[in-house]
Structures are given as structure tokens and as C-alpha cells.
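Visitor: got a sequence here, can you model it:
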Amino acid sequence: MTSDGRLDLDLAVPIEMGGSGDGANPELLFAAGYAACFHSALQMVARTKKVSVADSSVGTRVGIGPGGNGGFELSVHLEVTIPGMPTQEAQTLADAAHQVCPYSNATRGNIDVTVSVVDD
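Guide: Numbers count the residues shown, from 1 in each chain. Next up is the predicted model:
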């Protein structure tokens with residue numbers, strides 16, 4: 001539980017690490033945080049370019065697997081949806097958001113992160 005009581009979850013070891021997967025795990029929380037942060041970055045970039053992303057959404061898939069040093073490492077795939085916007089324009093906005101998103105900046109060069117636009 002967080003100190004302010006806003007977040008209270010049962011945690012479980014993910015299946016990929018030999019656990020039951022019967023609860024939230026750090027990777028799920030990381031995915032939620034990254035998606036929310038990236039969506040805020042996307043909205044900021046859109047405001048700067050004076051385009052609307054009112055019905056946009058960001059989904060995140062976080063993978064975990066063996067790392068080269070004997071530990072584990074993450075990978076992230078961000079899926080951006082911007083209804084009504086041509087794919088190339090949406091990809092340009094998503095790429096710009098990837099450059100300013102704090103999570104993207106924190107993970108750049110450390111883990112594999114891909115960003116793609118998907119149809120709604």
C-alpha cells in the first residue's frame with residue numbers, strides 16, 4: 001500500500017519468473033506508469049503542434065526475460081492509437097513523444113523499447 005492509501009495491491013511473482021502470476025507485479029505497475037507518462041507526453045507534443053489527440057490512448061506491453069548478466073531484463077512495446085489521424089502523422093507524434101517522455105528517457109539505451117501506431 002502506498003503511504004497515502006491510494007494504491008493497495010496484492011503482488012505476485014510473474015509466471016516468467018516461476019511465480020503464480022495471480023496478482024499484480026512490478027512489470028504490470030511499470031507498464032501502467034509508462035503508458036500514463038507516455039500519453040501525457042503525447043498530449044504535450046500534440047498541444048505544441050496544435051493538433052488534437054482527444055480520443056487517443058496508449059497501451060503498453062512489458063516483457064521480462066533472462067538478461068545477459070544472469071539476471072532479468074525488461075522490454076517494452078508501446079501501442080499508440082489516435083482515432084481519425086493518418087498513420088504517418090500519428091507515428092510522427094508518437095516518435096516525438098518518445099523523445100520527451102521521462103520513462104523513455106530513463107530507459108533509453110538500457111532496455112529495448114518500441115513504439116508503434118495501431119488502428120482503433
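Visitor: show me where the chain has helices.
Guide: Here the chain has its helices, by DSSP state H, at 26-48, 87-100, 102-107.
Visitor: gap between the shortest one and the chain center?
Guide: How far helix 102-107 lies from its chain's middle: 10 Å, per C-alpha atoms, centre = their mean, to the nearest Å.
Visitor: and the second one, by the same measure?
Guide: A distance of 14 Å separates the centroid of the chain from that of helix 87-100, by C-alpha atoms, centre = their mean.
Visitor: end to end on stretch 66-82, go ahead and measure it.
Guide: 34 Å (C-alpha to C-alpha, to the nearest Å).
Visitor: if we can go back for a sec, include mean pLDDT when you put the helices of the chain into a markdown table, please.
Guide: Listed next are these as a markdown table, based on pLDDT from 0 to 100:
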| stretch | mean pLDDT |
| --- | --- |
| helix 26-48 | 97 |
| helix 87-100 | 98 |
| helix 102-107 | 98 |
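Visitor: out of those helices, which is closest to Thr60?
Guide: helix 26-48 (4.1 Å; C-beta to C-beta). C-betas here are computed from N, CA, C, even on glycine.
Visitor: tell me the pLDDT of the residue of the chain positioned farthest from its centre.
Guide: No residue in the chain sits farther from the centre than Gly70, which is 24.9 Å out by C-alpha atoms, centre = their mean. The model reports Gly70 with a pLDDT of 87.
Visitor: for the residue nearest to Asp120 when sequence neighbours are not counted, grab phi and psi.
Guide: Distances taken as C-beta to C-beta, 6 or more residues apart in numbering place Pro83 nearest to Asp120, at 4.4 Å, with adjacent residues excluded. Note on Pro83: its backbone torsions stand at phi -60, psi 140 [degrees, to the nearest 10].
Visitor: ok, Pro83 - how many residues close by?
Guide: Look at Pro83: counted by other C-beta atoms under 10 Å, it has 12 neighbours.
Visitor: picking that back up, take the helices of the chain and write them to JSON lines, including mean neighbour count and distance to Gly18.
Guide: Shown next, in JSON lines, are the helices of the chain (neighbours: other C-beta atoms under 10 Å; distance: least, C-beta to C-beta, whole Å):
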{"stretch": "helix 26-48", "mean neighbour count": "18", "distance to Gly18": "14"}
{"stretch": "helix 87-100", "mean neighbour count": "17", "distance to Gly18": "32"}
{"stretch": "helix 102-107", "mean neighbour count": "16", "distance to Gly18": "25"}
